[in-house]
Structure formats: structure tokens, C-alpha cells
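could you work out the structure for the sequence below:
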Amino acid sequence: MSYREVHVVEVREVVRLWSLGKSLRSISRLSGLDRKTVRRYVKAAEEAGCRLGEAVTDEVVGEVIGRVRAEGRGVRGGSWGVCAGHRELLAGWLSEQVPLSKVQELLHRHAGVVVPYRTLHRYASRELGFGGRRVTVRVADGKPGEELQMDFGAMGWIREQGRRRRVLGLVLTAIVSRHQFVWLTYRQSVADVVAGCEAAWAFFGGVFRVLIPDNLKAIVTRADPDAPRLNPAFVEYAQARGFTIDPARVRHPQDKGRVERGVFYVQTSLFAGESFSTLAEAQGTAERWCRVTAGERVHGTTRQRPVEHFEREERQFLLPAPEVPYEVATWSEVRVQRDHHLAAAKALYSLPTQYIGERVQVRLGRDLVRIYHRGQLLKVHPRVDPGQRSTDPADYPPGVREYACRDQQALLAQAQAAGAAIGVYAERLLAAPQPWMRMRHVYRLLGLVRRYAASAVEQACARALAADVVDVTRVARMLEQAVENDPLPTRPPGEAAAAQTLRFLRQPSEYRLARGGGHE
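Numbering: from 1, shown residues only. Now for the predicted structure:
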């Protein structure tokens, strides 16, 4: 026969009938209990000092039940007392994660007692909290309109444009009213999370003051219970919208328990068994589901409809909903390379020479790229496409700036500043079709200006221009031999005239064309 615990009402009825002078047979018949059971409780009442005709109080009933339990089922045996006598020893071993079978062996070795494993397991479970579920408490809800819990969950699959893709659901649940919003996406990037939050503010009609997410990389870059490191891009978004971020601890789902169960509800009620052709179609269905199916049901905990509860108690405390779309910017930390450039989003951006080798923070906006170093703004570049570069010539050191940027006009201006003949000579050098070679020649010419006096180079260039010699090597040789001031050699007048008339060795008559197409 199985054991049945006697209800407190039945015990009260037994004691009451006994105090009225009923016999054991009558009490058993009227109460529906076995006569032996009635006898035990009557005996306990007599031992507790009850008298016939006295009122039966809760204290009397408790005393009777306590006496019966002390004598009957539930009395601990000797092995339980042995475990209780070595409580501290057992607690120490269990705190060190020693297996319970090993604890049984250690207890026999150190205390010389043998305790059955089942008794040891019951004692450790009931007295020392070994195994099973830990006790917990219900955390009080925050203020209305203050906290919003957020979590991601896998919803299902969509075959869009012939491609089967997994759909993720960003579920956001209000703490007090349990009103929730679902944003469907394919990724968990910062842009996707921000888009989900923006849609949630429009859905709720305002912004909650505290957002409690899990530790996804789009929000938390390094998880820590006390000082988590947050993603700068999402922190910047939180600053723009006026809410604070309070991430849950890793592997502590109870920190956001309001939304944890909600994810499962979305998976089973919204997405299970459905077939969507596009993500936009699924998102439209999700928003209707949030307002009607989930919003108008009676919640199992609050016993209220979430939509009505939210409109009545939370909506009025929200921050104003944003009116201007948010520009999502991404942040990265990179090192400036030897070529005065850093790489961000597969594009190159320049910085001055003194920052080569330093790590800087880069904010990539839609149109501008801002570069920071130790909290100070260094440079603002227009954003360029991947594979392109944005170079500020002022970032290069003097002397190589013009060559690196192919700035022929800057080289020509330097030559003209050194002297008129030097400027003309540099212009003649740059007129050739080989730009790099001619630029190197101009650099060498400017080097001659720095090595020799500008006046000497001016005289050499003037002499070379007079002789129609455009060759910087000849100019350098003239300066080395110090002949830039020597006059050019002249020819006798007769020799000069003959050189002008006698251009060919053969007579002109020999080149006459014969009439009729032949030669004479």
C-alpha cells in the first residue's frame, strides 16, 4: 500500500471529533481515515495535553502532527546522523568539486565510517545544495518605460532569389508590460542591430532609457561582469538616441529573463510552419504578429494584454522617438604604415610623418573619415571607394612631396624662384614626354642649386640655353669644371656662312627629278 500524507484539515477533524467525545470507530467512519491512523493522532493529542471539549487551534494541530511525524515515517536513520556529524568535512570536499563517490571513500578513510551512497546523496542534496537546481528568486520589475531587454534567436529559413538563407530575429521586450518587437535580419552586424533598434523605437513610439542586450560582438567587444568593453560604434549610437547600455553577464540568461522565454515564443508562434518568399514579407508579418497575436494575448505572468498594459503604464515615460535617420559609422584601430597611409575598409588614407608606426582610431562615416590619436582629432578625409586612396600632399615631408604627387608645377615654381634661367631650363626639361625621368632631372637641377651657388647655376643654365643644350648632366659638368662664366666658342664669319649654304655635299642639280617620271 502506498503512503498517503494526511491533510491538515483531516487532522483537525480527527482532533475535533475526539474532543466531542466520539469513539475511534465513529471518528474513522466520519473522517474517512483508517482506525490505526485515527488512533495515532488521538494518542498524540492526549500526549499534547488536549482535553475533551476544548477548542482545536492551529497550535494544537501543529503539535499533534509534529508528534506523529517524529514517531512515524520520515525519521532519519543512523547514517543520516553520521553525515550530519561530519557536515563541515563533507561541505569542504563538495566545494572543491570532489565527486560524491570519492567523498564516500574519503569519509571512510578519514572518519572510519561507511555511509550508503543513497543516504550520502540525499544528505548532500537536501542539506548542502549538491546537484539539482539551485534556489532562485523573482527579480522585481524596474520602473515603467525604463528597461528594454534584447536578444537574438534563430528563427528559420527563407529561400530568396533561389538562395536559402537563415533568418535571425532580434527580439526586444519591455520589462513591465512584456510588450515585444521582432526585427528579422540575416546578420548581426552593427548596422543590422542599429536598424532593429530604429524600427523598435518607431514601433514603441519612443526610446527606452536602458537597453539590456547579450554579449554579441556588435555591442560588446570584450565581456566582463563589471567593466565590459563596448563597441564604439554602438556606444556612439546610444549617445545619439539618449539610452544607456547594460549588458547581461555571460552565461547568465536570468539577467534578461523577460526576453529569453520570448525568443522561444517568437520561434514557435510566429515563424514555425510558415513559408516566406522575402525578408520584407516576413518582417511585415512579424510586425502584425507583435501588435495582434502577441500584443493582445493575456500574458501568463502579468495577466494583462501587453499592448494595453504598455499604452497605459509605459508609453508616457519613453524618450521621444527619433525623427532623423541615424548614420551608422564604424570604428577600427589600425597602425600607420611607412608610406604615411593607413588602411581602413580596404582604402588608404594619409597622415603626417610623425604618426608613422602609431595606432590610431578611425571612424568611417558615410561621407567622411575621421582619424583620432589619443583622443585628439588628427585628420578628416573624404571617404573613398575600396582600392582607392585619399592623400594630402601636406602629410609628406618636404623634398619628396612634389615627386610623390607628380607635382610638376611645384618643381617648376622652385626652379623659377632660384633664377630666371633656371626656371626656363626646368621648363625645357619638363617639356619631354617622359615625366618621371624629366622630374628626376629637375630634382638634380635643384640639387645643383643647393650644392653650388644659385648664381653659378643661373650662369650655367643661361650658357646651356644659348647653346641650345637641354641636358642637366652638361650643366653639372660645367659647374664641376667652373666654366659657366667662360664665353661660348665662335666660328669665323666665312665658315659660318659656308655652314649655312653648304648643307649637302652633292650639288643640288643632282637631285632634280627627270620629267616623265625618270632620272637624268
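
domain assignment for the chain?
Domain segmentation of the chain under automatic domain parsing yields 8-71, 78-127, 147-317, 330-395, 398-520.

in CSV: those domains, plus mean pLDDT and mean neighbour count.
C-betas here are computed from N, CA, C, even on glycine. Shown next, in CSV, are the domains of the chain (pLDDT from 0 to 100; neighbours: other Cβ atoms under 10 Å):
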stretch, mean pLDDT, mean neighbour count
domain 8-71, 88, 16
domain 78-127, 88, 14
domain 147-317, 94, 17
domain 330-395, 95, 15
domain 398-520, 75, 14
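
with distance to residue 136 added, can I get the ones you listed in a markdown table?
Output for the domains of the chain, formatted as a markdown table (distance: least, Cβ to Cβ, whole Å):
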| stretch | distance to residue 136 |
| --- | --- |
| domain 8-71 | 28 |
| domain 78-127 | 17 |
| domain 147-317 | 7 |
| domain 330-395 | 38 |
| domain 398-520 | 67 |
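
out of those domains, which gets nearest to residue 140?
domain 147-317 (9.9 Å; Cβ to Cβ).

can you pull out the strands in the stretch 151-300 of the chain?
Read by DSSP state E, counting those that start in this stretch, the stretch 151-300 of the chain holds these strands, from start to end of the chain: 163-174, 180-185, 210-212, 220-222, 229-230, 244-245.

does residue 338 touch residue 353 like I think?
No: assessed by Cβ atoms under 8 Å, residue 338 is found out of contact with residue 353, at 9.9 Å.

picking that back up, which of the domains of the chain sits closest to residue 324?
Closest among those, once you apply Cβ to Cβ, is domain 147-317, at 9.4 Å.

which one, of the strands of the stretch 151-300 of the chain, ends up nearest to residue 84?
Nearest of the strands of the stretch 151-300 of the chain (Cβ to Cβ): strand 210-212, 43.1 Å.

mind checking the SS state of residue 333?
Of the three states, residue 333 takes strand under DSSP: H, G, I helix; E, B strand; the rest coil.

OK, contacts around it?
The neighbourhood of residue 333, defined by Cβ atoms under 8 Å, 6 or more residues apart in numbering, consists of 359, 360, 361, 362.

which non-adjacent residue is nearest the last one?
So the one you mean is residue 362. Leaving aside its sequence neighbours, residue 362 sits nearest to residue 344 (Cβ to Cβ, 6 or more residues apart in numbering; 4.6 Å).

nearest to residue 139, out of the domains of the chain?
domain 147-317 (7.6 Å).

how long is the closest one end to end?
Chord length of domain 147-317, first to last residue, is 11 Å (Cα to Cα, to the nearest Å).

what separates that domain from the chain centre, distance-wise?
Centroid separation for domain 147-317 versus its chain: 16 Å, with Cα atoms, centre = their mean, to the nearest Å.

just the CA coordinates for stretch 410-426, please, in CSV.
Presented in CSV, the C-alpha positions along stretch 410-426 are these (Å, rounded to 0.1, in the frame of the first residue of the first chain):
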residue,chain,number,x,y,z
ALA,A,410,55.6,72.9,-57.7
LEU,A,411,59.0,71.8,-59.0
LEU,A,412,58.8,74.5,-61.7
ALA,A,413,58.0,77.1,-59.1
GLN,A,414,61.0,76.2,-57.0
ALA,A,415,63.2,76.4,-60.1
GLN,A,416,61.8,79.8,-61.1
ALA,A,417,62.4,81.1,-57.5
ALA,A,418,66.1,80.1,-57.8
GLY,A,419,66.6,82.1,-61.1
ALA,A,420,65.0,83.1,-64.4
ALA,A,421,67.4,81.0,-66.5
ILE,A,422,67.0,78.1,-64.1
GLY,A,423,63.2,78.3,-64.4
VAL,A,424,63.4,78.3,-68.2
TYR,A,425,65.8,75.4,-68.1
ALA,A,426,63.5,73.4,-65.8
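
would you map the strands across the protein?
147-160, 163-174, 180-185, 210-212, 220-222, 229-230, 244-245, 330-335, 341-344, 347-350, 359-364, 368-373, 376-382, 389-390 (DSSP state E).

turn these into CSV, columns for distance to residue 18.
Output for those, formatted as CSV (distance: least, Cβ to Cβ, whole Å):
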stretch, distance to residue 18
strand 147-160, 57
strand 163-174, 57
strand 180-185, 58
strand 210-212, 59
strand 220-222, 68
strand 229-230, 71
strand 244-245, 66
strand 330-335, 81
strand 341-344, 90
strand 347-350, 94
strand 359-364, 85
strand 368-373, 87
strand 376-382, 90
strand 389-390, 99
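
residue 16 is nearest to which of those strands?
Closest among the strands of the chain, using Cβ to Cβ: strand 163-174, at 51.6 Å.

elements contacting the closest one?
strand 147-160, strand 180-185, helix 190-204, helix 257-266, helix 279-288 (3 or more Cβ pairs under 8 Å, 6 or more residues apart in numbering; DSSP states H and E).

make it 6 Å
strand 147-160, strand 180-185, helix 257-266 (3 or more Cβ pairs under 6 Å, 6 or more residues apart in numbering; DSSP states H and E).

any chance of those in a markdown table, with distance to residue 167 too?
Conversion of these to a markdown table gives the following (distance: least, Cβ to Cβ, whole Å):
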| stretch | distance to residue 167 |
| --- | --- |
| strand 147-160 | 5 |
| strand 180-185 | 5 |
| helix 257-266 | 11 |
